[in-house]
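1. after the sequence you'll find the predicted model.
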Amino acid sequence: MELPVDGQKDEKQKTIKTYRVWTQLEEEALIKCLKEIIPQGWKVDNGFKVGYLRELEKEMTKIFPGTDIRLYPHIHSKFHVWKKDYSSIVSVLSKSGIGWNNTTKTIDVEQEEAWEAYKRVDTNARTMHNKSWPYYDDWCEIFGKDRETGEQAKGCGE
C-alpha cells in the first residue's frame, strides 16, 4: 500500500498528514553519521553549524541508496525529537529520588513523589518512565555540552 505524501489532498481536500517510521538500522546509521560529523567541525558550542542536516542527508543517502529519508521532514524531525528526549532525561536525572539504570537504559524512580512532581514540570516526562532509551549514551556524546576535566568532572548520566 502506498502512503500519501505530506501535503497531498484526499477526496475531501483535507491535507493528509503522514509520518515515517524509522527502522532500528536507519536510526543507528543516523547516530553514526552524527558522531562522524562532530570531529569534522559541524558541532559548535550550542548546537550545530548551518548545513549539518544537509550533510546528514548526504551521508544517509550513501548508506541507503534510493532511500526516501529526506532532510525535511525526516532527519530534522528525528534530530529534534531526540534532542528533546535527551534534554528531558538529563533534567529528570538531576532530581533527587530519580536515577538511571545503565543495564536496562531506563529511568529508575526511587521515590514516586519525586516522579509525580517532575511530571507536572515536564509534560514530556509522562511517557518516559518504564521506557528504554538505548541511544542515551550516544545522545550524551552528540548533544552533551563540553564537560569539565579533572577530579570533579562528571560524565553524562553520573
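-> Structure's in. What do you need? Residues are numbered from 1 along each chain as shown.
2. list the contacts of stretch 105-120.
-> 89, 92-93, 95-101, 125-126, 128-134, 136 (C-beta atoms under 8 Å, 6 or more residues apart in numbering). Backbone N, C-alpha and C define where each C-beta goes, glycine included.
3. of the residues you listed, buried ones?
-> Burial by neighbour count, judged by 16 or more other C-beta atoms under 10 Å, picks out Ile89, Val92, Leu93, Ile98, Gly99, Trp100, Ala125, Met128, His129, Trp133, Tyr136 from the contacts of stretch 105-120.
4. shouldn't Trp22 be in contact with Lys78?
-> Yes - with contact defined as C-beta atoms under 8 Å, Trp22 reaches Lys78; the gap is 6.4 Å.
5. identify the contacts common to those two.
-> Common neighbours of Trp22 and Lys78 (C-beta under 8 Å, 6+ apart) are Leu30.
6. and the longest helix seen in the chain, what does it pack against?
-> Counting by DSSP state H, the longest helix found in the chain is helix 76-93. Applying 3 or more C-beta pairs under 8 Å, 6 or more residues apart in numbering; DSSP states H and E, one finds that helix 76-93 contacts helix 24-37, helix 52-63, strand 98-101, strand 106-109, helix 136-143.
7. now the ones you listed in CSV, with mean pLDDT and distance to Glu116?
-> Shown next, in CSV, are the helices and strands packed on helix 76-93 (pLDDT from 0 to 100; distance: least, C-beta to C-beta, whole Å):
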stretch, mean pLDDT, distance to Glu116
helix 24-37, 97, 31
helix 52-63, 96, 37
strand 98-101, 94, 11
strand 106-109, 94, 9
helix 136-143, 96, 22
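8. now do Tyr118 against Arg54, distance only.
-> To Arg54, Tyr118 is 37 Å away according to C-beta to C-beta, to the nearest Å.
9. between these two, which has more neighbouring residues?
-> Higher neighbour count among Tyr118 and Arg54: Tyr118, with 22 against 11, using other C-beta atoms under 10 Å.
10. would that one count as being in a helix?
-> Yes - when classified by DSSP: H, G, I helix; E, B strand; the rest coil, Tyr118 is found to be part of a helix.
11. about what we covered before: format the helices and strands packed on helix 76-93 as CSV; extra columns: distance to Pro73.
-> Shown next, in CSV, are the helices and strands packed on helix 76-93 (distance: least, C-beta to C-beta, whole Å):
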stretch, distance to Pro73
helix 24-37, 14
helix 52-63, 11
strand 98-101, 31
strand 106-109, 28
helix 136-143, 20
